[in-house]
Structure formats: structure tokens, C-alpha cells
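**Student:** the sequence and its predicted three-dimensional model are supplied below.
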Amino acid sequence: ARGLVAVGCWAHARRKFYEARTSDPERSHAALAWIGRLYDVEREAKGGGWGDDRLMAARGERSRPLLESLWSWLDDESAKVLPRSPIGEAIAYALSNRAELSRYLESPYLAIDNNAVENALRPVAVGRKNWLHLGSDRGGRTAATLMSLVQSCKRNGNEPFAYLRDVLDRVSTHPASRVDDLLPDRRVLPGAAGGRKG
């Protein structure tokens, strides 16, 4: 769709190198060490409550050079491994997704992996069989919208029922031009766990 960009997931790329560690420990551990250093920057940022500017500076000063050296090493190693070996497939996966795996460096709102999304979707995957019979396509779309809203509330520290009650109380008098102010990431209720840090 127009306006959407793909962002790669380093957890997926890392998993492929991890699975190759028994057949090619030297290369897989080297790649895992590089990826670990990329994650170190993200862990420091999260643990330190860094703002967007500090995160982007660290990504530019530390992550970008690490990533460039990793890409160069992977380019060199790709010619030395069997393409269908576990390490060959791990290297090929990373290189074929180079742009997508590098994209998180472009914005503080992009994450190094999609683990948060997968964790948010896990309840949906676990309950999938319970929702096979929603009655209609419209019922399915409504359920998907509500589940997305509930997970967005949880992700942003709002209790879903309290958030919905608050929004429904306000929506009739809230200016239509500012309806975005009511979204779960912008409307953190008093006493909530807190929204995204800036």
C-alpha cells in the first residue's frame, strides 16, 4: 500500500544465525556478537529512558557503523559458504533484507525488531480457534478492530475499559479536527502506567 515501508526484524535474522551455530560456530557466533552489540544500544536507550534525540544520536554514532561493518563482513562471507547450508541461508536472508533491517535507524519510533508486536498479538493467536465463528465478515472486522484497540490501550498503559469509557464520554463534544487526540497513544488516563516516552 502507498505510504507504507517495510521494517525488518533483527530477532528473525538473529534466529537464523543462532540456528546455524552448530554447523558453523565461528561465523554464526561472529554474526551473533555483531547483532548483540546492535541490541546493546537499544537496551541502553530503553533502560535509560532516553529521549528521541539521544537515541538517534547513539544509533548514528554506534549502531550505523556496526551495521555497515556487519554488512561488509556478510558480503565477504557469502562467497565462502554453501548457499543451502544453515549459515549460507542466514547470510542470504540478512543480505536480501538489508534495506529493511537497516530501516529502524531512520526513526526513533521504529524498533530493532517486532517482538513487541508479536507479544501483543499472542493472545489473538492463542484464542484463534475461539474466534473462528464470528458470524459474518463484518463481525470479524469489528472483532479485529476491537482487539487492535485493546492491545493499543495495553501497550500505552491504559486500562482498555476505562479508556473506552473516557473516549465515549468525550467524543460527542470533542472537536472533529482534533479526534487524533483521543487515540490510545495520545490519551493516557491519570493513574495509567504511562505512554510512550519522548
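**Tutor:** Arrived safely, thanks for sending.

**Student:** only C-alpha atoms from now on, for both contacts and neighbour counts.
**Tutor:** Will do.

**Student:** what number of residues lie near Pro184?
**Tutor:** Neighbour count of Pro184, defined by other CA atoms under 10 Å: 25.

**Student:** so how far is Pro65 from it?
**Tutor:** 36 Å (CA to CA, to the nearest Å).

**Student:** would you confirm that Leu32 contacts Arg15?
**Tutor:** No: Leu32 sits out of contact with Arg15 when judged by CA atoms under 8 Å, with a separation of 9.1 Å.

**Student:** from Tyr93, how far out is Ala33?
**Tutor:** Plainly put, Ala33 is 17 Å away from Tyr93 if you go by CA to CA.

**Student:** whoops, Leu82 was the one
**Tutor:** Distance from Leu82 to Tyr93, by CA to CA: 14 Å.

**Student:** comparing Leu32 and Arg15, which residue is more hemmed in?
**Tutor:** Leu32 (18 against 12).

**Student:** what about Gly135, which helix or strand?
**Tutor:** Counting by DSSP states H and E, there is no helix or strand that carries Gly135.

**Student:** using CSV, write out every CA atom in the lowest-mean-pLDDT helix or strand in the chain.
**Tutor:** Sorting the helices and strands of the chain by mean pLDDT, DSSP states H and E puts helix 115-126 at the bottom, at a mean of 77. C-alpha atoms of helix 115-126 as CSV (Å, rounded to 0.1, in the frame of the first residue of the first chain):
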residue,chain,number,x,y,z
ASN,A,115,8.9,-8.6,19.3
ALA,A,116,6.5,-6.1,20.9
VAL,A,117,4.0,-6.6,18.1
GLU,A,118,4.3,-10.4,18.3
ASN,A,119,3.8,-10.3,22.1
ALA,A,120,0.7,-8.1,21.6
LEU,A,121,-0.7,-10.5,19.0
ARG,A,122,0.0,-13.6,21.0
PRO,A,123,-3.4,-13.5,22.8
VAL,A,124,-5.1,-13.4,19.4
ALA,A,125,-3.1,-16.3,18.1
VAL,A,126,-3.8,-18.3,21.3
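
**Student:** helices or strands up against it?
**Tutor:** helix 137-155 (3 or more CA pairs under 8 Å, 6 or more residues apart in numbering; DSSP states H and E).
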